[in-house]
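Trainee: Next come a sequence and a model predicted from it.
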Amino acid sequence: MNEFSKFEVGEKHVFQKKITEADAAHNYGTKKLSNLFATPGLVAMVIEAAVGFIDPKLSEGYISIGNEIGVTHTKPTKVGETVTLEIEVKEIHEKDELLFLTFKAFDEIGEIGNGVHVRTIVNREAFFKRTDERVKQLGI
């Protein structure tokens, strides 16, 4: 079975997370925004949700890796609130081995952000072999 045939355009996944101190903006160089959910935290949440949605469906030895992410973070969320992320499969480009996802993020009041995330499905062993070959160029 083809790995991409395991997904359908329009398929959705919901992921929730309580925002902690580790997700706060002051951990990412924005000291004046302490106790607010950081945009890099939102990016990390999108990646975690996408991996949790895609990878469990894949055959043994396959993983998804991120290619691209675009995030618009529109509203502030305080540490301690819960953020819900809704991910949807928008396009499947089997030839290019890409899954195009869109997402919307909501806190307990309303929408706080949205964007796109592109992932590819790869054979884990082959991917790390290519990675190791690339690193050899550094003499490591």
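Mentor: Nice, I can see it. Residues are numbered from 1 along each chain as shown.
Trainee: From now on I want contacts and neighbour counts done on CA atoms only, so please keep to that.
Mentor: OK.
Trainee: What's the local residue count around residue 25?
Mentor: By the measure other C-alpha atoms under 10 Å, the count of residues near residue 25 is 21.
Trainee: Use 52 as the first number for this chain going forward.
Mentor: From this message on, residue numbering opens at 52, which makes the last subject residue 76.
Trainee: Any figure for the gap between it and residue 138?
Mentor: 23 Å (C-alpha to C-alpha, to the nearest Å).
Trainee: for residue 159, same thing?
Mentor: Residue 159 is 17 Å from residue 138, where distance means C-alpha to C-alpha.
Trainee: the more surrounded of those two?
Mentor: Set side by side, residue 159 and residue 138 show more neighbours around residue 138, with 25 against 11, by other C-alpha under 10 Å.
Trainee: Leaving out the residues flanking it, which one is nearest to that one?
Mentor: Once flanking residues are discounted, residue 138 sits nearest to residue 154: 4.4 Å by C-alpha to C-alpha, 6 or more residues apart in numbering.
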